[in-house]
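K.L.:
Build me a model from this:
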Amino acid sequence: MIAPEQKARVTYDNILRLSDDPDVSDAIKFLRAREIVHFQRFGEGLRLAKDKMNEKNVYYMNPAFDK
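P.N.:
Predicted structure coming up:
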């Protein structure tokens, strides 16, 4: 499954291939860069959440709690 940010980036890449208007291209490049940053930040947030869940004293979904 592909993330929504990745789908948007692919769509923006396709638009850039077809566009010959510099104003349109500039706007699409901005949106594409924004989606890349969103994808990176989502990955960082997910990693941080997983790290927190593996710490002691976290009882929601902590496998060590049920032992």
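
K.L.:
spatially speaking, which residue is in the middle of the protein?
P.N.:
For the chain, the residue nearest the mean C-alpha position is Phe39 (1.7 Å; Cα atoms, centre = their mean).

K.L.:
wait, isn't that one in contact with Lys7?
P.N.:
No - in terms of Cβ atoms under 8 Å, Phe39 does not count as a neighbour of Lys7; the distance is 10.4 Å. Using the backbone N, CA and C atoms, a C-beta is placed for each residue, glycine as well.

K.L.:
rewinding a little: the closest residue to the residue nearest to the centre of the chain other than its chain neighbours and Asn54: what is the separation?
P.N.:
Distances taken as Cβ to Cβ, 6 or more residues apart in numbering place Glu5 nearest to Phe39, at 3.9 Å, with adjacent residues excluded. Using Cβ to Cβ, to the nearest Å, we find Glu5 at a distance of 25 Å from Asn54.

K.L.:
before we move on, the earlier item: wait, what's in contact with the residue nearest to the centre of the chain?
P.N.:
By Cβ atoms under 8 Å, 6 or more residues apart in numbering, the contact list for Phe39 reads Ala3, Glu5, Gln6, Arg9.

K.L.:
Torsion angles phi and psi at the residue nearest to Phe39?
P.N.:
phi -60, psi -40 (degrees, to the nearest 10).

K.L.:
Could you count how many residues lie near it?
P.N.:
Neighbours of Glu5 under the rule other Cβ atoms under 10 Å: 18.

K.L.:
same thing with Tyr12?
P.N.:
Taking other Cβ under 10 Å as the criterion, the count of residues near Tyr12 is 20.
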